[in-house]
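Engineer: 3D, please:
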Amino acid sequence: MEKRRNTFFLTLILVGTLITAGLVFWSSFRVKTSSTPTESLAANSNTLVVSETETKEEVLAPNGKMTLILRNVKKADGTTAQTFSVISEDEVTPLQIYTLNSGTDNSISIPFNTFSPDNKFIFLKKGQSEKSEYMVLRTDGKNIKGEDKTVEFTSLFYEKYPEFVITDVTGWGGTGLIVVNSNYLDGKMGPSFWFDLSGFSFIRLSTKFN
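Structural biologist: Presented below is the predicted three-dimensional model:
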């Protein structure tokens, strides 16, 4: 009888020891797994977020019927996302017509007299140096020539007139006609030209436009 009682107590002690060990292991496992998100959150809290800088420019057409909107978003890498949109007086939502990423030396600006007389075209200036490029595009968002959204006419001018240097593009001489002023390579005053959008060609003028 005494032997059975001792065996019973030994069994109880063994079972209790196993249960206690199991509880300790289970508790330590719970503490370990629940601490992982905390460490992850701590790591995430150290992430550096660089904000972008946005500016907006609006230019009203001379007849007051359309507005050109330029949004510049400067990114962390130094480039600028440029978005051009237009909105007419009877519309609510602007129409996006051109986008590109620009560097500091080749950003696009809106020249004076950018709108054509009928508001169907605008011309833009790329870069701010003597080697600036000029381009023209439609305000309805459609391609202006084949698969191209824009026509860059500075290079077209130099292909045909290598003896001249463009000094300025002043605006419009009529519907579909952009005024281009020039000088000779030696610095003497050169003639003015029309860039004709009907054939993307140049017409030399006898009168100098200022």
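
Engineer: isn't Phe84 right up against Asn72?
Structural biologist: No. Phe84 is not in contact with Asn72 according to CB atoms under 8 Å; the separation is 10.3 Å. Heads up, the C-betas are built off the backbone N, CA and C, glycines and all.

Engineer: So which of those two has more stuff around it?
Structural biologist: Phe84 (22 against 17; other CB atoms under 10 Å).

Engineer: For the protein, which segments are assigned as helices?
Structural biologist: Assigned by DSSP state H, the helices in the chain fall at 2-44, 154-160.

Engineer: Output the longest strand belonging to this structure.
Structural biologist: strand 164-174 (DSSP state E).

Engineer: circling back: give me the common contacts of Phe84 and Asn72.
Structural biologist: When contacts are counted by CB atoms under 8 Å, 6 or more residues apart in numbering, Phe84 and Asn72 have no shared neighbour.

Engineer: The residue nearest to the spatial centre of the chain bridge partners, please.
Structural biologist: The chain has Ala81 as the residue nearest its centroid, 1.9 Å off, counting by CA atoms, centre = their mean. Following DSSP bridges, Ala81 is listed with bridge partners Val73, Asn101.

Engineer: ok now do it, which residues does it touch?
Structural biologist: Ala81 sits in contact with Asn72, Val73, Lys75, Thr99, Leu100, Asn101, where contact means CB under 8 Å, 6+ apart.

Engineer: same deal with Thr175?
Structural biologist: Ser116, Pro117, Asp118.
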